[in-house]
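Participant: Quick one, what's the 3D model for this:
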Amino acid sequence: MSLITDIFKQELEYIKDKNIRDLVIEALNKVSSGFLVSPASTSGKYHSSHSLGNGGLVRHTKSCVYMAKLITDLEFVRKALNRYEIDYIISASLLHDVCKQGINWESSKTVFEHPRLVWNLNSREEMTKSNIYHWERINFMISTHMGQWNTNKHPDNTNNGRMLPKPKTLSQFIVHLSDLLASRKHIEVDIFTKEEMLGYIIEGVEDYFYSVIVPSRDELNKTE
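Facilitator: The predicted structure is shown next:
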């Protein structure tokens, strides 16, 4: 078990279908270590204090999955959705921000197109036909998680004016709502003890340092 799958062990257990769970694990194992040590909001404006600072994005993600689990456990929701749709919702909630600052965490701020980048973590060529369908459904829900905040308004960005899709189905709406609730400043979900989170941050920082910072520094020294 990798560090990131260990962190999300409980959330992965919510996904009942093994094929869907394995797809999510495969994607998680390709996520940049930067995800583990980053805050949920690079500006600090749009998330609770619980989700800021080192490991904030991990705490936000766990909170988002917690909200999704609460909603999908409701009787009327379970009557409206089949078991696969519920697994897709949990999966999308878990993966929705894993490319928030780029696939390789190359940006210093949120990448506008990040809901569309998650698709690239798994190779379509290596999937069975049924797994391609599962992966498409998960990404269908991730693609709309920004909801009404779907327009790029940064004038210095090449994607200025571009729009992401809004939720149209109940499943898409639940993923968006879970993300929204998990980011509200007056709602905090106690996911980790401080000691547990510190341990994960230390491991994540070390991994990020040796896999990203050191190679970049060595490459820079070659050009000097």
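
Participant: tell me the pLDDT at S123?
Facilitator: With respect to pLDDT, S123 scores 91.

Participant: on contacts alone, who are the packing partners of the longest helix seen in the chain?
Facilitator: Counting residues, the longest helix found in the chain (DSSP state H) is helix 56-72. The helices and strands touching helix 56-72, judged by 3 or more C-beta pairs under 8 Å, 6 or more residues apart in numbering; DSSP states H and E, are helix 34-37, helix 83-95, helix 170-183, helix 194-208. (C-beta placed from N, C-alpha, C; glycine too.)

Participant: Kindly calculate the angle that that helix makes with helix 83-95.
Facilitator: Angular relation of helix 56-72 and helix 83-95 on a 0 to 180 degree scale: 160 degrees, by axes from the mean of the first three to the mean of the last three C-alpha atoms, to 10 degrees.

Participant: right, and the helix or strand after helix 56-72?
Facilitator: For helix 56-72, the following helix or strand on the C-terminal side (DSSP states H and E) is helix 75-80.

Participant: Of all residues in the chain, which one is nearest the centre?
Facilitator: D97 (2.8 Å; C-alpha atoms, centre = their mean).

Participant: okay, now F140: neighbour count?
Facilitator: By the criterion of other C-beta atoms under 10 Å, F140 has 18 neighbours.

Participant: Can you name the residues that contact it?
Facilitator: Contacts for F140 (C-beta atoms under 8 Å, 6 or more residues apart in numbering) come out as 88, 172.

Participant: Look up how far D6 lies from it.
Facilitator: Plainly put, F140 is 28 Å away from D6 if you go by C-beta to C-beta, to the nearest Å.

Participant: I am assuming I4 contacts L36, so please confirm or correct that.
Facilitator: Yes. I4 is within contact range of L36, at 6.7 Å (criterion: C-beta atoms under 8 Å).

Participant: And for M67, the neighbour number?
Facilitator: Around M67 sit 22 other residues, with neighbours defined as other C-beta under 10 Å.

Participant: How about it, nearest residue that isn't a chain neighbour?
Facilitator: Leaving aside its chain neighbours, M67 sits nearest to S178 (3.9 Å; criterion: C-beta to C-beta, 6 or more residues apart in numbering).

Participant: Please look at that neighbour and S91 and confirm they touch.
Facilitator: No. Contact between S178 and S91 fails when scored by C-beta under 8 Å: they sit 12.0 Å apart.

Participant: Any regions of the chain where pLDDT drops low?
Facilitator: 41-53, 151-162, 184-224 (pLDDT under 70).

Participant: M146: which element?
Facilitator: If you go by DSSP H and E, M146 is not part of any helix or strand.

Participant: Name the nearest residue to it, sequence neighbours excluded.
Facilitator: In space, and not counting its chain neighbours, M146 is closest to L164: 5.3 Å by C-beta to C-beta, 6+ apart.

Participant: show me what contacts that neighbour?
Facilitator: 112-113, 115-116, 143-144, 146, 150-151.

Participant: export the residues you listed to JSON lines and tack on distance to V58 and secondary structure?
Facilitator: Shown next, in JSON lines, are the contacts of L164 (distance: C-beta to C-beta, whole Å; DSSP: H, G, I helix; E, B strand; the rest coil):
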{"residue": "F112", "distance to V58": "22", "secondary structure": "coil"}
{"residue": "E113", "distance to V58": "22", "secondary structure": "coil"}
{"residue": "P115", "distance to V58": "18", "secondary structure": "helix"}
{"residue": "R116", "distance to V58": "22", "secondary structure": "helix"}
{"residue": "S143", "distance to V58": "22", "secondary structure": "coil"}
{"residue": "T144", "distance to V58": "23", "secondary structure": "coil"}
{"residue": "M146", "distance to V58": "20", "secondary structure": "coil"}
{"residue": "N150", "distance to V58": "24", "secondary structure": "coil"}
{"residue": "T151", "distance to V58": "27", "secondary structure": "strand"}
